[in-house]
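Novice: with the input below, show me the fold.
(6 chains)
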Number of protein chains: 6
Amino acid sequence: MRPSGRAPDELRPIRITRRFTRHAEGSVLVEYGDTRVICTASVDERVPPFLRGKGRGWVTAEYGMLPRATHDRMAREAARGRQGGRTLEIQRLIGRSLRAAVNLEALGERQITVDCDVIQADGGTRTASITGGYVALADAIASLRARDALRRDPLFGSVAAVSTGIYKGTPVLDLDYAEDSEAETDMNVVMNEAGGFIEVQGTAEGHAFRPEELQSMLDLAQKGIGELIAAQQAALAEG
Amino acid sequence: MRPSGRAPDELRPIRITRRFTRHAEGSVLVEYGDTRVICTASVDERVPPFLRGKGRGWVTAEYGMLPRATHDRMAREAARGRQGGRTLEIQRLIGRSLRAAVNLEALGERQITVDCDVIQADGGTRTASITGGYVALADAIASLRARDALRRDPLFGSVAAVSTGIYKGTPVLDLDYAEDSEAETDMNVVMNEAGGFIEVQGTAEGHAFRPEELQSMLDLAQKGIGELIAAQQAALAEG
Amino acid sequence: MRPSGRAPDELRPIRITRRFTRHAEGSVLVEYGDTRVICTASVDERVPPFLRGKGRGWVTAEYGMLPRATHDRMAREAARGRQGGRTLEIQRLIGRSLRAAVNLEALGERQITVDCDVIQADGGTRTASITGGYVALADAIASLRARDALRRDPLFGSVAAVSTGIYKGTPVLDLDYAEDSEAETDMNVVMNEAGGFIEVQGTAEGHAFRPEELQSMLDLAQKGIGELIAAQQAALAEG
Amino acid sequence: MRPSGRAPDELRPIRITRRFTRHAEGSVLVEYGDTRVICTASVDERVPPFLRGKGRGWVTAEYGMLPRATHDRMAREAARGRQGGRTLEIQRLIGRSLRAAVNLEALGERQITVDCDVIQADGGTRTASITGGYVALADAIASLRARDALRRDPLFGSVAAVSTGIYKGTPVLDLDYAEDSEAETDMNVVMNEAGGFIEVQGTAEGHAFRPEELQSMLDLAQKGIGELIAAQQAALAEG
Amino acid sequence: MRPSGRAPDELRPIRITRRFTRHAEGSVLVEYGDTRVICTASVDERVPPFLRGKGRGWVTAEYGMLPRATHDRMAREAARGRQGGRTLEIQRLIGRSLRAAVNLEALGERQITVDCDVIQADGGTRTASITGGYVALADAIASLRARDALRRDPLFGSVAAVSTGIYKGTPVLDLDYAEDSEAETDMNVVMNEAGGFIEVQGTAEGHAFRPEELQSMLDLAQKGIGELIAAQQAALAEG
Amino acid sequence: MRPSGRAPDELRPIRITRRFTRHAEGSVLVEYGDTRVICTASVDERVPPFLRGKGRGWVTAEYGMLPRATHDRMAREAARGRQGGRTLEIQRLIGRSLRAAVNLEALGERQITVDCDVIQADGGTRTASITGGYVALADAIASLRARDALRRDPLFGSVAAVSTGIYKGTPVLDLDYAEDSEAETDMNVVMNEAGGFIEVQGTAEGHAFRPEELQSMLDLAQKGIGELIAAQQAALAEG
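Specialist: Okay, the predicted model is just below:
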């Protein structure tokens, strides 16, 4: 029934490639099927002005798409002179989600910027960005630890994200573009390794969704995030 | 226990004043306690380029705050030269929520813009904007019907919004600023008059929230939105 | 003869409501008939860079209109990405006019920003902003004095403003929109309580105006400003 | 008593050089003493959108300063990404003043843009721009008439401008920078050849000015503008 | 002597991967050693306004770098709100170079946009962009031919580019970052398959270069471009 | 054969007028025939942030055109809100070229900004800007030396620039607009007084150019720059 032939609770093939580029402290290519995002984590020994002298660090995110990551070419945001509302909304979500896994005091007065750049889009770019961005962040923190810059580990737990939705009346997991563009409801869920919710964003695209539909989508998300966190751990274990 | 002395499931005093200014087709001052927002709905007989010639209308929203609506003065977005990410995110939410109550084909090729301008902020400005914006929208549509511009009513059902959160460990309804700035979790819920969800946005500010906490917050939201929709109907019934 | 039925030298009903919103040190709703402007005065303990370390303060103004303050909706300046020439011209005028009543050395190294936001426009928004802004400024200065932050009163005298013009050949006072849009000449006059001119800006819209017409308009302005300053004093006396 | 040794009612040496550059339909170098402004008038056979199909033309102005026209280098507005409030205010004034001498119906559906670019500033750049801009405009209109593009002359009368002010207690005409920076009051006056006022803008820089001071300044302006209009006519008579 | 151990006239390993992403009509990953650039060519059936109705097409280019393509993270141009001078200069160069290989009349009224996005930078990003962009462009044109949209082939010849420079007194080919940052002279050369020059841009970074140095660099470029064009042809032959 | 009747290796009449405006430390009007550019050099005792505390100075350039310097009026860059790619490319070239003649350590921690503003364009504005900008720079440095601000002369050698091209099959020197708009190849060459190349930028507009054509153009440039440097020296010798 799904265009891809997947079962309703089946993720697309997930691939996490570390050290994808060589300059960043953390650099990951994350793939949710045909959705491909480069996530880099960059350490800056300065914090933004609002945090100076407070003994705390910061984690922030930026998001972008190559103009032809999508089926039709989209105008380059740098050329248009501003980031659109969708971009700002997504990068705020990624930043909040990743900060939920970091003890900012333990990070010290430094900032880590996670850049998520979509090179090919097929639905779920924001959730892939969070899942891949977490791995890049973990690598960047490991590089700080490797050079003894941190007294304790600022990372606690894992964070991953997935979308769920109601497609042709059925709750499904990890929507691709073909499903996403026709879904009646679209929900993005961010969770940690303990099953706690970091962020829940559900939107009725067609008609309003009922409490039991909400529950089904949350259940699917929980299952999918368990698998995603396992994939993150496997990638990080490769050393 | 709440700074305002309210019960956990108690809304702030809600006031909806129609015809607050005289030029707009719909003009409402909505108050959730000390949060005060002017919502105007403006009819434009042209639609944006992407809808021209398609026989459908559009409903969109813009959001702003007067610089001193808040405790400390914020820089004026017009002077800074751009709307911030928070503003764009909120106005996208308001627009999506209001469109969920409108049959765009029945609206015909015209656009209604709902401007939500906060003149005093005390938490919950986006939820008040949705609740008040709906009433302004209803008045604008009524003005179109009064001049026989519509063959059928494009409005179906009602839409209202409220925030819930976990404050000092307890789920509470309709957070004011004192609560919001200390809440562990913050959730904005938009529902229709039939109890269907239009939008659910929950964010863990402190620690992740558990499924049962999510459920408690949704229950509170459902109760609050029932009261808000009653307040909308009472205001609209005044004629 | 005037659309409103007023005598040529008659102001519209003037209302000055103090403490209109609760966060600002001074907050005033000023109404010249149907023209309604929220004026807030905000104290900032820092001065702009060009004044740092010079022992003097600064008073500045910003001006805006809600998009539907006018008969037709105007594009939101924050969304367009810049303030228009008219806005900049008006806020420069308001700032200059208010500074004429303030001893900047006595204010000390702090800045007061007066925000004038028009919620309903019916002609004369810049003059109402000056008259209302002065009251907000006086309240903000009083709040500084109340907390013993000033050794001497930086406020000397009062400042108020009114428009005059030639409407259908007759000099008239305090033009509303119906008159303003058809006036042959439009003049904005800012004066102090001693009858001195702070600013005179007269523009021939139709044909050039003669010296005796200029004199008639200045006489009307003088009369009107006397009444406006009395209204300011009455409002400030309410305590 | 004046830094330049001039009598109070004495203009600086005025020079108007036509055909200063070769591409524009009208091109004038105007000099008020050391203030030097290049004014070009460019004919465009299209009108701005708000005038299309209305059978009327438009005259508009733009103003700029070379970065080192002033004593200290100012940031280039093109590099800063926007025109400042002073620039916008001045170009609006120039445009309004020049339109006062043009019958826009007689101009037909075309636009004339008058660019005023200050190459050396010594006070009075906006008044020199109006006086020089008028000559450039007259030449551009003459070029239209020379190619039989107009049925009747859209130009009626002349427009010129001069500043006056109170310097060390004395009303003086045509202030240079040394005077302008210390003047207690500064007034810019635009008049036509019949002695009618097009624009009067007076600002108290130090203390408020009295009605008799205003009268003295207007008298000085009237004398100065008579001489400026004579200089314009002499320049235009050279053929 | 070269940091990489290469001979002075030796290119880095060149890799050209076609069909790197799946949405674009042409999509190439080009690698000059550690410099990696994604080049996509997108067909748009509309031309820019200045070409409408003229029966000719257009080829244009845009260039960007991921923020962490470089050793230190650079600010994202979309977030800064504008493309820098270096970016604009490079994308103008790419566009001019590619247009030199295209008969715009034969292309018909359509535009091809070549986006060159650097995911890893190690010197020579603009020359790699031209070489890879040509292959993407050729694929896009082939896709038009495959659907019979063109009557004749708009592509004539090949275009490729390489840098040369004087490094520690010796002319070298295809500088990497370690060389580029210390080179006394840097030259970018674009040539066609017939050995004709499309673009020559040489800059003395340290001291001025002599005519014989210029000649040596041009000779190196000619050799390198021969190899690059062979690599392009090999990639395109793979079908 | 050339539209101007010049010999292929003949420059247009060159005029260099020093002290053209009075505020700048160096102020030059440079004319290459009908191309006229005002070049001012402004000394700022502060350096940009990236050079603070490094004991070195900086020379930078900005470039602009008056809107009607060209045959058709171009939009004012300050009004459009940004400098175009061509402007940025040219001012980067001017800055690089002038820095090639300056010992930045000897300049000390100060910046000289050379503004090149075209008041009339007839081809070759960038090369005229470099040649004239050098003279303005020399005057600014002389003013620093005159007030004993420098221990040694930061200026070494001269820098001048000229264009060459292939016009109707013949290599020609110093193209005017009539030639430039039809040239098959256009090359800008910057050289020093010793015949060393500072910058070579050649572009094939029509077909690719051959090595021997490149050589002819370089020979012409060398001849022209010799004459331009002589003109610079003559102007500077006038004292």
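
Novice: and A:V190, bridged to which residues?
Specialist: Beta bridges link A:V190 to A:A161, A:E199, judged by DSSP bridges.

Novice: any chance you could map the helices in chain A?
Specialist: A:77-80, A:85-99, A:104-107, A:125-146, A:177-180, A:211-237 (DSSP state H).

Novice: quick one, what contacts whichever residue of chain A sits closest to chain C?
Specialist: Per C-beta to the nearest C-beta, A:R82 is where chain A lies closest to chain C, at 7.6 Å. C-beta here means a position set from N, CA and C on the backbone, and glycine is covered the same way. Going by C-beta atoms under 8 Å, 6 or more residues apart in numbering or on different chains, A:R82 touches B:R82, C:G81, E:A78, E:G81.

Novice: ends of stretch A:149-168, how far apart?
Specialist: Using C-alpha to C-alpha, to the nearest Å, one end of stretch A:149-168 lies 52 Å from the other.

Novice: list the buried residues of it.
Specialist: Within stretch A:149-168, the residues that qualify as buried are A:150, A:154-155, A:158-167, counting by 16 or more other C-beta atoms under 10 Å in any protein chain shown.

Novice: isn't A:G95 up against A:W58?
Specialist: No - counting by C-beta atoms under 8 Å, A:G95 does not reach A:W58; the two are 9.0 Å apart.

Novice: so which residue is dead centre in chain A?
Specialist: In chain A, the C-alpha nearest the mean C-alpha coordinate belongs to A:I130, at 1.2 Å (C-alpha atoms, centre = their mean).

Novice: for A:T164, give me its contacts.
Specialist: A:P171, A:V172, A:L173, A:D174, A:L175, A:M187, A:V189, A:M217, A:L218, A:L220, A:A221, A:G224.

Novice: near chain F, which residues of chain A show up?
Specialist: A:G81 (C-beta under 8 Å from any C-beta of the partner chain).

Novice: now the residue in chain A sticking out farthest from the centre: how far from A:R46?
Specialist: Distance to the chain centre peaks in chain A at A:G53, reaching 29.8 Å (criterion: C-alpha atoms, centre = their mean). Distance from A:G53 to A:R46, counting by C-beta to C-beta, to the nearest Å: 12 Å.

Novice: find residues that contact each of these two.
Specialist: With C-beta under 8 Å, 6+ apart, A:G53 and A:R46 have common neighbours A:E109.

Novice: contact residues of chain A facing chain C?
Specialist: Going by C-beta under 8 Å from any C-beta, the residues of chain A near chain C are A:R82.

Novice: show me what residue of chain A gets nearest to chain F.
Specialist: For chain A, C-beta to the nearest C-beta, closest residue to chain F: A:G81, 7.6 Å.

Novice: list the residues that contact that residue.
Specialist: Contacts of A:G81 (C-beta under 8 Å, 6+ apart): E:G81, E:R82, F:R82.

Novice: most widely separated two among the contacts of A:R82?
Specialist: C:G81 and E:A78 (14.6 Å; C-beta to C-beta).

Novice: follow-up on the earlier one: restricted to strands, list the buried residues of stretch A:149-168.
Specialist: If you go by DSSP state E, the buried residues of stretch A:149-168 have A:V159, A:A160, A:A161, A:V162, A:S163, A:T164, A:G165, A:I166, A:Y167 in strands.

Novice: counting neighbours, what do you get for the residue nearest to the first one when sequence neighbours are not counted?
Specialist: In other words, A:V159. The spatial neighbour of A:V159 that comes closest, neighbours along the chain excluded (C-beta to C-beta, 6 or more residues apart in numbering or on different chains), is A:A101 at 4.5 Å. Using other C-beta atoms under 10 Å in any protein chain shown, A:A101 has 22 neighbouring residues.

Novice: how close does A:A101 get to A:G157?
Specialist: 6 Å.

Novice: quick check: neighbours shared by these two?
Specialist: In contact with both A:A101 and A:G157: A:N192, using C-beta under 8 Å, 6+ apart.

Novice: what residues does chain A have near chain E?
Specialist: A:21-24, A:27, A:34, A:36, A:38, A:40, A:42, A:44, A:62, A:64, A:66-71, A:73, A:76-79, A:81-83, A:87, A:113, A:115, A:117, A:119-121.

Novice: can you rerun that using 7 Å?
Specialist: A:21-24, A:34, A:38, A:40, A:42, A:44, A:62, A:64, A:66-68, A:70-71, A:73, A:76-79, A:81-83, A:113, A:115, A:117, A:119-120 (C-beta under 7 Å from any C-beta of the partner chain).

Novice: test my guess that A:V102 contacts A:L155.
Specialist: Yes - counting by C-beta atoms under 7 Å, A:L155 is a contact partner of A:V102 at 6.1 Å.

Novice: give the contact list for A:E89.
Specialist: Applying C-beta atoms under 7 Å, 6 or more residues apart in numbering or on different chains, we find A:E89 in contact with B:G85, B:L88, B:E89, B:R92.

Novice: how about low-confidence regions in chain A?
Specialist: Applying pLDDT under 70 to chain A flags no residue at all.

Novice: at 80 what do you get?
Specialist: Filtered on pLDDT under 80, chain A yields the residue ranges A:206, A:239.

Novice: hang on, the earlier thing: which one of the contacts of A:T164 is nearest A:M1?
Specialist: Nearest to A:M1 among these, with distances taken as C-beta to C-beta, is A:V172, at 8.8 Å.

Novice: was I right to think the closest one contacts A:G165?
Specialist: Yes - with contact defined as C-beta under 7 Å, A:V172 counts as touching A:G165 (6.1 Å).

Novice: mutual contacts of these two, please.
Specialist: Joint contacts of A:V172 and A:G165 (C-beta under 7 Å, 6+ apart) are A:E179.

Novice: surely A:E205 touches A:S181?
Specialist: No - here A:E205 lies out of contact with A:S181, judged by C-beta under 7 Å, at a distance of 9.3 Å.

Novice: where does chain A get nearest to chain D, residue-wise?
Specialist: Chain D sits closest to A:G81 of chain A, with a gap of 9.4 Å, by C-beta to the nearest C-beta.

Novice: of the contacts of A:T164, which pair is most distant in space?
Specialist: Largest pairwise distance in the contacts of A:T164, by C-beta to C-beta, is 15.1 Å, between A:L175 and A:L218.

Novice: between those two, which is the more surrounded one?
Specialist: The neighbour comparison of A:L175 against A:L218 (other C-beta under 10 Å) goes to A:L175, with 28 against 20.

Novice: contacting residues for that one?
Specialist: A:G123, A:G124, A:S163, A:G165, A:Y167, A:A183 are the contacts of A:L175 under C-beta under 7 Å, 6+ apart.
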